[in-house]
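1. Predicted model and sequence below, questions to follow.
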Amino acid sequence: MGHHHHHGHSHGHSHGHSHTSNKKALLSSFLLIAAFMIVEVIGGIVTNSLALLSDAGHMLSDAAALGLSFFALKLGEKQVSKEKTYGYKRFEIIAAALNGLTLVIISIYILFEAFHRFFNPPEVQSKGMLIISVTGLVVNIIAAWILMKGDKEENLNVRSAFLHVLGDMLGSVGAIVAALLIMFLGWGIADPIASCIVAVLILISGYRVTKDSFHILMEGAPSQIDMVQVRKVLCKIPAVKEVHDLHVWTITSGYPVLSCHITIYDDGVHDEILSQSQKILHDEFHIEHSTIQVEKEANGCPSPHGTCN
């Protein structure tokens, strides 16, 4: 009866590099957006534009997203302790979940405000609104470009921050169009329309980020790993009788973990099967962290679900 744990070391360096670039990207885009958000709030109040204020609301959620993500990465660096055996890596996902929920709340508030403005469009200073929203667009493009250099494919946090900024760019475009319509056609109603569009965009990205992070918090299997395929491949190893108690979950973005029991026929060699199964998991499924219990059929715990035939 053997219990073995394996962790690949190959990913240490590349992971470290992308981690540093993620941190730099998050910090610089956070400072940029937080500074401009203040400008936009003042501008929105002065020009009486809900589109600008809703864009500022989006930017606030952006700044919070980026700040939280940066804080999460910093916290994730804290060393593993006796109490926190995985360190603080999970905080990153909690941050993403809080982020998503904030977005949903902000968007509902904007829709509520816009609804009132449809029936009673107030006077909006279109010129000031135009200047501020064009500046906002430029700021967002720079922030998006900074985040593009981060590791947004692998890291849910950087991806959520990137989505925020993309939504923001669209928000700025909406505010620009609304400002032009008010300026040239006197369409006061363009302001609440633009803010509704921004609100819907915020709602969609908020829902997505929340859903993804809750899936991880609920120990759901990572979407890129096919559980049926994992079992099938492990069952193909010679002398393997069954694979049961198979669990795959995610600690934080890009960090899948697997544990399972493998029952082998009495002529199977424990160590050979162990190293073969770990190699397969590493090479085919990119699972660096696996805990596998290999047991002989005579003294293993039988499971009707895991049989390999």
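-> Done, it's in.

2. in the stretch 1-150 of the chain, which spans are strands?
-> Per DSSP state E, counting those that start in this stretch, the stretch 1-150 of the chain carries strands over the ranges 2-7.

3. where in it is pLDDT low?
-> Low-confidence segments of the stretch 1-150 of the chain, defined by pLDDT under 70: 1-19, 87, 150.

4. can you rerun that using 90?
-> Along the stretch 1-150 of the chain, segments meeting pLDDT under 90 span 1-133, 136, 139-140, 142-150.

5. can you give me the helices in it?
-> For the stretch 1-150 of the chain, the helices defined by DSSP state H, counting those that start in this stretch occupy 11-47, 50-76, 91-119, 126-148.

6. Can you tell me which of the ones you listed is packed in deepest?
-> Ranked by mean neighbour count, those are led by helix 50-76 with a mean of 25 (mean count of other CB atoms under 10 Å). Any C-beta I mention is one placed from the backbone N, CA and C, and that applies to glycine too.

7. Can you tell me how far Gln276 is from Ile225?
-> Separation of Gln276 from Ile225 (CB to CB, to the nearest Å): 19 Å.

8. Please apply the same query to Leu66.
-> As for Leu66, its distance to Ile225 is 29 Å (criterion: CB to CB).

9. circling back: quick one: the helices of the stretch 1-150 of the chain as CSV, columns for distance to Gly174 too.
-> What follows is these, written out as CSV (distance: least, CB to CB, whole Å):
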stretch, distance to Gly174
helix 11-47, 13
helix 50-76, 6
helix 91-119, 12
helix 126-148, 8
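
10. Tell me which of those lies nearest to Glu272.
-> Glu272 sits nearest to helix 11-47 of all the helices of the stretch 1-150 of the chain, at 24.6 Å, using CB to CB.

11. And for the strand ranked longest in the chain, what's in contact with it?
-> Of all segments of type strand in the chain, defined using DSSP state E, the longest is strand 240-250. Here strand 240-250 makes contact (CB atoms under 8 Å, 6 or more residues apart in numbering) with 216, 219-222, 225, 227, 230-231, 234-235, 256-265, 268, 273, 287, 297, 301, 303, 305-308.

12. Among those residues, the buried ones, what's the PyMOL command?
-> In PyMOL, a selection of the buried entries from the contacts of strand 240-250 looks like this (16 or more other CB atoms under 10 Å):
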select buried, resi 216+221+222+225+230+231+234+235+256+257+258+260+261+262+263+264+268+273+287+306+308
